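Peer 1: Give me a 3D structure for the following:
(4 chains)
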Amino acid sequence: MADIKEIIAARVAKELKDGDVVNLGIGLPTMVANFLPEGVHIVLQSENGIMGMGPAAEKGKEDVDIVNAGAQYVTVNSGAMFFDSATSFGIIRGGHVDATILGALEVDQHGNLSNWIVPGKMVPGMGGAMDLVVGAKKVIIAMQHTQKGAHKILKECRLPYTAVGVVDMIITEMGVMEITPEGILLTELHPDYTVDQIQAATEAELIISPELKPMVL
Amino acid sequence: MADIKEIIAARVAKELKDGDVVNLGIGLPTMVANFLPEGVHIVLQSENGIMGMGPAAEKGKEDVDIVNAGAQYVTVNSGAMFFDSATSFGIIRGGHVDATILGALEVDQHGNLSNWIVPGKMVPGMGGAMDLVVGAKKVIIAMQHTQKGAHKILKECRLPYTAVGVVDMIITEMGVMEITPEGILLTELHPDYTVDQIQAATEAELIISPELKPMVL
Amino acid sequence: MKNKIMTAQEAVAGIHDGATIMVGGFMACGTPEILIDAIVEKGVKHLTIICNDAGVPGRGVGKLVSNGQVKTLIASHVGLNPEVAQRMNTDIEEDKLECILVPQGTLAERVRAGGTGLGGFLTPTGVGTIVAEGKAVIHVDGRDYLLEKPLRADFALIRGSVTDKFGNTTYNGTTRTFNPMMAAAADYVIVGACEIVEIGEIDPNNVVTSGIFVDAIVGGEKPWQI
Amino acid sequence: MKNKIMTAQEAVAGIHDGATIMVGGFMACGTPEILIDAIVEKGVKHLTIICNDAGVPGRGVGKLVSNGQVKTLIASHVGLNPEVAQRMNTDIEEDKLECILVPQGTLAERVRAGGTGLGGFLTPTGVGTIVAEGKAVIHVDGRDYLLEKPLRADFALIRGSVTDKFGNTTYNGTTRTFNPMMAAAADYVIVGACEIVEIGEIDPNNVVTSGIFVDAIVGGEKPWQI
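Peer 2: Down below sits the predicted model:
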């Protein structure tokens, strides 16, 4: 079995269409750019002020004035644009980002998301996450299905929300789920797992799609 | 006696300090720039998107992409900046314009201003006037004292307001008046007129400053 | 990458009777005349036009007014186009124009709000005037403000000085005006460009409007003249 | 014209204990280190800092945090500076830091509102979360929004890539961040400039921050490094 993160990133990449404007969170989501299908070119938005972000800068060739939202040296593609933070979040909140891909501490069957605070333990701040999930046309949660066995896909989030009713899709190493008005619809299952196994790893009750497919990899 | 408009423009010019950011309305106010005292350089803001506007463009040397708010070809000074209309009115509303100088149909003893509409007769629109008088640090009304004998400086404006309680100063060919909480204070009188004459030309009751001076010309 | 370059006729093909159209520019300086001409040619009617002003007869939005295509005009100033007043007061039903006047700064900010996902904003402009009629007055920290709502449109007509093939655009001098805000606030955005360049030719620090907003690019836009 | 060029020490001379200071930049990229250093040297205390983040220890706002000069921090993210959490939870009263977290887009827009005379704005961000606590929820055209208020400061520390002697400023790459909004939202604005040029050397189409906002210019700002 391939690396779990790579499985997730590869599957997420298949959700993106040529020309999409996409914001990728730090960590796993950033890997999505490495798995884009042939002929699919996306425009990466970085909330610190780039439209058309390119790959990480080569060692020794960094432009010290160009970093991503994780403060790493990056490049920009031909046709890029730099802008200020008000403009950046105007783009995000204004619905001009086609998809935002980020991790979660918890996500629930109503599409609620909690990914920015564990009161009393971890208070890093929401950064741009609250704006991104409210503003982007499609919110895809890309994460490992459980936190060392503990449920993360819940009936109701227990941690403070990042936003309510915003998640469209959850992609984990076990499968692909869509948030529907009726609940969480399992549409694809990774061949290494059974429906019972993914349900056991999920607190929320999964609705099994009549067209359930093996996870597209 | 010099041209009435020139008297007014010359007196207004004395209100401006070196380095002031100033927006001049179309017509008489535009003439103020010609009467600045030696050593006083102001930065002209034009609401259609210029900071650092210069004089009108010479015939044959026009840049067709550079006009003022009256759609006339102008130049820009060294150190100028062009910007969009949201930025322009952000500067205006944000209190970054030191003085705006414009005409009035009516102005009253409360500092209310009416200068954009005569219902049923003239409905040109307020353009940027409502924002300018609310946003600028100092609002100076520069106009002829009466409209062919009809009062323009009133107890209460009769025409729809441009804004309420915004006028700081009125400068006419007859004198200089400041709006105070008590009413309109006459501080300077043109030597060609008596106090009785300026009061007769004014509906509002003028408070005569104990330090009333001849109009500084 | 999708080709966005087309003729003016192709670019305006989707504009239908009753559409709401934002038009950049200030007294037609910064208005894409080539796109206005294509709409005049197409002859669509009952348009709602959002523009700083009504241009002048024969220039900018003035052409659409003259041609009887505008049902509603949302603008800050219409005084330099006498046809607007005539059509506001006409008894001929099909020529009738409704004009909604908005303070210029409020108009710019409403368009910006429409493009940036804000539900509105509080401005001191217009408090105590007829502009306040029907609007909520909200008191914040000792001062009254009007709650003004966002504006969006079906189409935006943008005039670019230099536009690359992705749609990244810069504006020379005072042609910028309402163009950058409108480019973000409409469902379908057409740039009438004075000059079209290859992608990468505009310094990323100097791009004003991102190509992500732009659906169609039409070359051959002419210099402005009054 | 008034000379605005001075040393960092001269520029920060007016900053007093308890001042509110906006600091541009994102993870210290776009933060004027030369000005931060001068404030560390000056040793003023009980500052309220408005910045996207807390930098990292030894960089940007992180230096002020380490030096115990910050009483209140208004930021969107502080996770990459572990000292912030330590000081939030300390029992030593004089080291105690209050941290007010604001969504990044809301923070940028609040600073913009402060500089542009708006009394606030309606954003969908934060609705239904703890960010909404104590704020008015306003329903506009079928959707709930939070009313967010403007932010202003006594001082703003801006990092310019190229600044002319009037203060007109451009920003390279991702150093732009919060700098342009903050330059308009503070009573006294200091630019730490990488390069100072003569007036007229920056194309008026490419100026990002007007010199009218700038009170002091300090040269010698260094390249960013993490």
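
Peer 1: Okay, residue A:209 and chain D: tell me how far apart.
Peer 2: Between residue A:209 and chain D the computed distance is 28 Å (C-beta to the nearest C-beta, to the nearest Å). For every residue, glycine as well, the C-beta is placed using N, CA and C.

Peer 1: Confirm that residue sits in a strand?
Peer 2: Yes - counting by DSSP: H, G, I helix; E, B strand; the rest coil, residue A:209 falls inside a strand.

Peer 1: Number of residues surrounding it?
Peer 2: By the criterion of other C-beta atoms under 10 Å in any protein chain shown, residue A:209 has 16 neighbours.

Peer 1: likewise residue A:141?
Peer 2: Residues within reach of residue A:141, counting by other C-beta under 10 Å, total 29.

Peer 1: how deep is residue A:60 tucked in, by neighbour count?
Peer 2: By the criterion of other C-beta under 10 Å, residue A:60 has 5 neighbours.

Peer 1: The one 10 residues further on too?
Peer 2: The number of residues packed near residue A:70 is 14, by other C-beta under 10 Å.

Peer 1: Helix, strand, or coil at the residue lying closest to residue A:28 once chain neighbours are set aside?
Peer 2: Leaving aside its sequence neighbours, residue A:28 sits nearest to residue A:5 (C-beta to C-beta, 6 or more residues apart in numbering or on different chains; 5.1 Å). Recorded secondary structure, residue A:5: helix (three-state DSSP).

Peer 1: Quick check: buried residues in the helix or strand of chain C with the lowest mean pLDDT?
Peer 2: Here the helix or strand of chain C ranked lowest by mean pLDDT, DSSP states H and E is helix C:82-88, holding a mean of 93. Neighbour-count burial for helix C:82-88, counted by 16 or more other C-beta atoms under 10 Å in any protein chain shown, picks out C:83, C:84, C:85, C:87.

Peer 1: The residue located most distally from the centre of chain A and residue D:10: what is the separation?
Peer 2: Using C-alpha atoms, centre = their mean, the residue of chain A lying farthest from its centre is residue A:60. It sits 30.4 Å away. Distance, residue A:60 to residue D:10, by C-beta to C-beta, to the nearest Å: 38 Å.

Peer 1: thinking again about what came up before, what is the nearest of the buried residues of helix C:82-88 to chain B?
Peer 2: The closest of those to chain B turns out to be residue C:85 (C-beta to the nearest C-beta; 6.4 Å).

Peer 1: Now that closest one: closest residue in space, sequence neighbours ignored.
Peer 2: Leaving aside its sequence neighbours, residue C:85 sits nearest to residue B:123 (C-beta to C-beta, 6+ apart; 6.4 Å).

Peer 1: Contacts only, for residue A:92.
Peer 2: Counting by C-beta atoms under 8 Å, 6 or more residues apart in numbering or on different chains, residue A:92 touches A:23, A:45, A:47, A:100, A:128, A:131, A:132, A:135, A:136, C:117, D:105.

Peer 1: list the helices and strands the helix or strand bottoming out on mean pLDDT in chain A packs on?
Peer 2: Every helix and strand of chain A was ranked by mean pLDDT, DSSP H and E. The lowest is helix A:28-31, at a mean of 93. Contacts defined by 3 or more C-beta pairs under 8 Å, 6 or more residues apart in numbering or on different chains; DSSP states H and E place helix A:28-31 against helix A:4-13.

Peer 1: what's downstream of the helix it packs on, the next helix or strand?
Peer 2: Next in sequence after helix A:4-13, counting helices and strands by DSSP states H and E, comes strand A:21-24.

Peer 1: Which strands border that following strand, and is each parallel or antiparallel?
Peer 2: On the basis of DSSP bridges, the sheet neighbours of strand A:21-24 come out as strand A:43-46 (parallel), strand A:99-102 (parallel).

Peer 1: For residue C:101, find the nearest of those.
Peer 2: Nearest to residue C:101 among the strands paired with strand A:21-24 is strand A:43-46; the distance by C-beta to C-beta comes to 36.6 Å.

Peer 1: Please save the CA atoms from that closest one in CSV.
Peer 2: As requested, the backbone C-alpha atoms of strand A:43-46 are provided in CSV (Å, rounded to 0.1, in the frame of the first residue of the first chain):
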residue,chain,number,x,y,z
VAL,A,43,-4.0,28.2,-10.7
LEU,A,44,-2.8,28.1,-7.1
GLN,A,45,-3.9,30.9,-4.8
SER,A,46,-1.8,31.6,-1.7
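
Peer 1: List the buried residues of that strand.
Peer 2: Using 16+ other C-beta under 10 Å as the test for burial, strand A:43-46 gives A:43, A:44, A:45, A:46.

Peer 1: residues contacting the first one?
Peer 2: So the one you mean is residue A:43. Per C-beta under 8 Å, 6+ apart, neighbours of residue A:43: A:19, A:20, A:21, A:22, A:51, A:52, C:212.

Peer 1: Now with 10 Å, please.
Peer 2: Residue A:43 is in contact with A:19-22, A:50-53, A:77, A:79-81, A:97-98, C:1, C:166, C:210-212, counting by C-beta atoms under 10 Å, 6 or more residues apart in numbering or on different chains.

Peer 1: Noted, bye for now.
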